[in-house]
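Engineer: From the sequence below, what's the structure:
(one chain, ligands or ions: 1)
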Amino acid sequence: MSYFSDLHLAEPILRALAEKGYTDPTPIQRQSIPSLIEGRDLLGLAQTGTGKTAAFALPSLHRLAMSPKPRKAASCRMLVLSPTRELAAQIADNMKFYAKHLPLSIQCIFGGVPAPKQARALVGGTDILVATPGRLLDLIDQRALTLRDVEIFVLDEADQMMDLGFIHALKRVARLLPPGRQSLFFSATMPQDIEALGRQFINDPVKVEVAPQSTTAERVEQTAILVNQAEKQALLTIKLREGLASGEIDRTLVFSRTKHGSDRIVRFLTTAGVEAAAIHGDKSQAQRTAALKGFREGRIKVLIATDIAARGIDVTGVSHVYNFDIPNVAEQYVHRIGRTGRAGAAGIAISFVSDEERPYLRAIERLTGVKLAVKPLPDDFLKEAARLPAPAKRGLANPALGGGERKPQGERRRDGGRGGEGRGDTRGGRGGENRGGRGGEQRRSNDRRPSAGRGTPRDGERSTSQRDHDRARAERRQAERPSGPRFDPLRDASGDERRDRQGRR
Ligand code: AMP
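Structural biologist: Down below sits the predicted model:
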């Protein structure tokens with residue numbers, strides 16, 4: 001079966017697919033659609049970029065269209081749960097496109113925007129509802145929504161849901177769903193706790209697995225550059241300037257582990273004449289939407305993102321992914337580089353690896369089974385760096401640039417020399433956002449942490465941005481406190497989502 005037309009989907013769906021230019025189903029679509037049309041439950045081990053949205057959307061639309069029912073007040077026939085607002089909005093947009101020739105209504109609700117308007121939109125009921133868990137439960141509590149008529153339930157990115165601490169919210173949703181519905185459960189990884197969660201939703205599922213967690217997209221060329229932490233700013237600036245000027249870079253995502261790290265990257269790039277925007281949880285919804293729109297439309301070529309904010313972002317034409325900081329949870333690397341090389345296009349992923357981050361690189365290589373090619377710093381790196389405006393070369397340990405003697409990467413651990421600014425984000429191995437982002441599930445991330453990565457504070461060169469450093473240190477301390485209030489990095493999520501993570505029932 002190599003064409004959509006072989007899959008027995010309703011004609012209006014095939015028409016929409018043809019308009020989108022999709023003729024061949026992707027492997028996950030080929031494997032899932034026939035069983036889903038029959039009404040089977042599904043356990044899907046797949047990451048974004050595989051075509052999984054259409055894999056669950058197309059057969060679901062088909063089933064809803066084949067058994068039309070009048071809408072019921074404050075009710076929905078299909079519920080899709082997504083961990084982040086961006087992903088929810090993207091799923092809803094995709095579904096609206098696939099359903100454009102069908103008389104089915106699709107609503108999308110998420111935190112961070114006023115709830116009353118969303119409640120009003122649900123008064124007459126909707127056929128399909130795409131939601132984040134916090135806002136969903138809020139609207140249920142306000143009696144603006146009931147789940148008793150759900151016929152199809154989709155839980156997307158279950159591992160990310162767990163990482164964000166949505167476990168109690170999901171258990172509550174499981175209790176509210178009617179028996180007899182069809183359930184689809186997707187996750188990019190399937191450790192035991194996720195599997196246990198899945199068992200609460202699915203019954204005798206068809207199992208579909210594409211691009212297992214440990215395989216990174218083959219079409220992504222992956223390299224690492226060993227670079228002192230303090231030199232990363234200059235290196236990124238030089239790389240982006242070159243790539244944009246030559247046209248080699250079409251659009252690039254730059255990953256930072258922390259929110260203030262992302263802002264700092266935007267600042268030094270901007271002063272060096274490289275236009276960039278950041279997307280993370282301290283930005284308002286309007287700012288995030290504007291940054292994504294600019295990036296999608298190609299007006300912004302460089303988008304700096306934290307892992308959580310970028311999760312699920314589907315923008316075609318992302319030619320490069322730069323890991324300014326190496327992710328400290330190896331699976332995040334797979335998600336990050338999955339942003340490039342999507343849907344058949346080739347992509348390039350370049351990771352900047354400092355001495356302190358080497359254990360994370362090894363953990364990534366163990367997980368993916370791919371040894372990253374290590375590239376040297378560009379020729380004349382220091383000379384070029386010296387020409388950059390001050391913020392971009394800040395922290396460079398070079399006499400000509402106002403610092404101490406430059407130590408070749410790899411020797412710094414022995415002599416204790418450390419770059420300045422980056423310390424705030426990488427020392428100790430766990431920057432703010434990822435760490436606390438795992439909320440109630442912090443144990444999981446600790447389990448995955450390579451032990452050698454826990455560097456201890458050392459005196460070295462002083463940061464040129466002591467304020468940033470102190471702030472990062474305060475965040476780290478807060479997050480590492482064994483009890484008491486946790487550092488809540490997930491200001492990425494709305495207030496209602498945060499309450500879920502705190503165990504609201
Ligand atoms: P997803 O994994 O759902 O995020 O999809 C990844 C990308 O592949 C999205 O841009 C989809 O629009 C695109 N896509 C999904 N199905 C197909 C298909 N059968 N042919 C070509 N592109 C597709």
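Engineer: Return the residues of the protein in contact with the ligand.
Structural biologist: Contacts of the chain with the ligand, taken as C-beta under 6 Å from any ligand atom, map to 22, 24-26, 29, 48-54, 314, 316, 342-343. Placement of C-beta: from N, CA and C, glycine included.
Engineer: Mind doing that once more with 5 Å?
Structural biologist: Within the chain, the positions adjacent to the ligand are 22, 26, 48-54, 314, 343 by C-beta under 5 Å from any ligand atom.
Engineer: Export the residues you listed as CSV, with columns for distance to Lys239, pLDDT and secondary structure.
Structural biologist: As requested, the residues of the chain next to the ligand are arranged in CSV below (distance: C-beta to C-beta, whole Å; pLDDT from 0 to 100; DSSP: H, G, I helix; E, B strand; the rest coil):
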residue, distance to Lys239, pLDDT, secondary structure
Tyr22, 34, 87, coil
Thr26, 32, 87, coil
Thr48, 25, 73, coil
Gly49, 24, 71, coil
Thr50, 29, 79, coil
Gly51, 31, 87, coil
Lys52, 32, 91, helix
Thr53, 32, 94, helix
Ala54, 34, 96, helix
Asp314, 24, 70, coil
Ala343, 25, 55, helix
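Engineer: Okay, now the unreliable bits of the stretch 301-450 of the chain?
Structural biologist: Along the stretch 301-450 of the chain, the model assigns pLDDT under 70 to residues 311-313, 341-345, 394-450.
Engineer: make it 90
Structural biologist: Along the stretch 301-450 of the chain, segments meeting pLDDT under 90 span 306-319, 327-347, 356, 359, 363-371, 376, 378-380, 382-450.
Engineer: what's the farthest-apart pair in the residues of the chain next to the ligand?
Structural biologist: The span of those, defined through C-beta to C-beta, is set by Tyr22 and Thr48 at 16.4 Å.
Engineer: who's more crowded, these two?
Structural biologist: Shown here are Tyr22 and Thr48; by other C-beta atoms under 10 Å, Thr48 has more neighbours (22 against 18).
Engineer: What's the separation between the more buried one and Ala188?
Structural biologist: 7 Å (C-beta to C-beta, to the nearest Å).
Engineer: Between the two, which contacts overlap?
Structural biologist: Common neighbours of Thr48 and Ala188, using C-beta atoms under 8 Å, 6 or more residues apart in numbering, are 157, 335.
Engineer: can you list the domain ranges for the protein.
Structural biologist: For the chain, automatic domain parsing gives the domain ranges 4-209, 220-401.
Engineer: I'd guessed Ile364 sits against Tyr333; true?
Structural biologist: Yes. The pair Ile364 and Tyr333 qualifies as a contact (C-beta atoms under 8 Å) at a distance of 4.6 Å.
Engineer: which SSE is Ala245 in?
Structural biologist: Per DSSP states H and E, Ala245 falls inside helix 232-246.
Engineer: any residues touching that helix, and which ones?
Structural biologist: Counting by C-beta under 8 Å, 6+ apart, 225, 227, 248-249, 252, 254, 265, 268-269, 272-274, 301-302, 320, 322, 324, 350, 352, 354, 377-378, 381, 384-385, 388, 391-396, 421-422 sit against helix 232-246.
Engineer: re the thing from before, averaging pLDDT over each of the domains of the chain, which comes out lowest?
Structural biologist: Looking at these, the lowest mean pLDDT belongs to domain 220-401 (a mean of 86).
Engineer: May I have the phi/psi pair for the one residue in the stretch 351-500 of the chain that gets nearest to the ligand?
Structural biologist: Using C-beta to the nearest ligand atom, the single residue of the stretch 351-500 of the chain nearest to the ligand is Thr368, 18.8 Å away. Phi and psi for Thr368, reported as degrees, to the nearest 10, are phi -90, psi -20.
Engineer: Report how many residues lie close to it.
Structural biologist: Neighbours of Thr368 under the rule other C-beta under 10 Å: 20.
Engineer: Same check on the one 10 residues further on?
Structural biologist: Neighbourhood size, Pro378 [other C-beta under 10 Å]: 14.
Engineer: hey, where'd the strands end up in this structure?
Structural biologist: Applying DSSP state E to the chain gives strands spanning 42-45, 76-81, 106-109, 126-131, 152-155, 182-187, 206-209, 220-226, 252-255, 277-279, 302-305, 320-323, 347-353, 373-375.
Engineer: about what we covered before: buried subset of the contacts of helix 232-246?
Structural biologist: The neighbour-count test (16 or more other C-beta atoms under 10 Å) marks 225, 227, 249, 252, 254, 265, 268-269, 272, 274, 301-302, 320, 322, 324, 350, 352, 354, 377, 381, 384-385, 388, 391-396, 421-422 as buried among the contacts of helix 232-246.
Engineer: Need the overlap of contacts for Ile364 and Tyr333.
Structural biologist: When contacts are counted by C-beta under 8 Å, 6+ apart, Ile364 and Tyr333 are jointly contacted by 326-327.
Engineer: then stretch 350-370 to CSV, C-alphas only?
Structural biologist: Extracted C-alpha coordinates of stretch 350-370, given in CSV (Å, rounded to 0.1, in the frame of the first residue of the first chain):
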residue,chain,number,x,y,z
ILE,A,350,25.9,21.1,15.1
SER,A,351,26.6,20.7,18.8
PHE,A,352,28.9,23.0,20.8
VAL,A,353,30.5,20.8,23.4
SER,A,354,32.5,22.3,26.3
ASP,A,355,34.7,20.1,28.6
GLU,A,356,32.0,20.0,31.2
GLU,A,357,29.5,18.8,28.7
ARG,A,358,31.5,15.8,27.4
PRO,A,359,29.7,13.3,29.6
TYR,A,360,26.5,14.4,28.1
LEU,A,361,27.9,14.0,24.6
ARG,A,362,28.9,10.4,25.5
ALA,A,363,25.4,9.7,26.9
ILE,A,364,23.9,11.0,23.7
GLU,A,365,26.2,8.8,21.6
ARG,A,366,25.4,5.8,23.8
LEU,A,367,21.6,6.4,23.3
THR,A,368,21.7,7.1,19.6
GLY,A,369,24.5,4.6,18.7
VAL,A,370,25.9,7.4,16.5
